[in-house]
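Q: The amino acid sequence is not available; the structure is as follows:
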C-alpha cells in the first residue's frame, strides 16, 4: 500500500452566483486593486492508501462525486500524487 | 494590457486545527472510504489585467498577503496564467 495525496479543486458551475466572490471583489476594489472577477472554490486534500495510482485516482473520483462536490452546483477536478 | 487568471491555493498552516476537515473525514469513513486525513482550504480565482506576467504575479502576491489569506493561520500559493 502506498499513501497518495488527492487534491480536489471544487468550484461553482459557471452561471451559479458567487456572493462570497463578489464581496471579495468589492474589498479588492476598495483596497485599490483592479481585479475584474473573483470566484471562490474549495481546495480539499485527502490522504488515501491504495495499491497503485490508478486505484487511488478511482477512489478519489468516487469521493468527489459522492461526497466532496455538490453535483447540482459544483464541478471538481482531482489530481493524485504519491506522498 | 492582458488578462491573467490568478489561482490562489489557501490552506491552514500545519498544526492549525481543521474541524471541517475532521468532520469530512468522519463522513468519508461512514461511507466506507479509508482516508486518513482531510484538510480543507480555499481555491480562489481572480481575473487581473496587467502589462505582463511579472506584474500580474506581483499584484497577485500582494492580494494574497493583504486580503485573501490570513497570515496568522493560513499560507497560500498563487499561480498566474494568461487567459
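A: Sure, I can see it. Here the structure is a predicted model, which means the values were calculated and not measured.
Q: Let me see the ranges of the strands in chain A.
A: A:2-12, A:35-50, A:74-82 (DSSP state E).
Q: relative orientation of the shortest one and strand A:2-12 in degrees?
A: The directions of strand A:74-82 and strand A:2-12 differ by 160 degrees, with axes from the mean of the first three to the mean of the last three Cα atoms, to 10 degrees as the criterion.
Q: Sheet partners, orientation included, of strand A:74-82?
A: strand A:2-12 (antiparallel) (DSSP bridges).
Q: for the partner strand, what is the average pLDDT?
A: For strand A:2-12, mean pLDDT rounds to 98.
Q: List the buried residues for it?
A: A:4-12 (16 or more other Cβ atoms under 10 Å in any protein chain shown). Quick note: C-beta positions are derived from backbone N, CA and C, even for glycine.
Q: The residue lying closest to residue A:34 once chain neighbours are set aside: what's it in contact with?
A: Of all residues not flanking residue A:34 in the chain, residue B:49 sits nearest, at 6.2 Å (Cβ to Cβ, 6 or more residues apart in numbering or on different chains). Contact analysis of residue B:49 by Cβ atoms under 8 Å, 6 or more residues apart in numbering or on different chains lists A:34, A:36, B:1-4.
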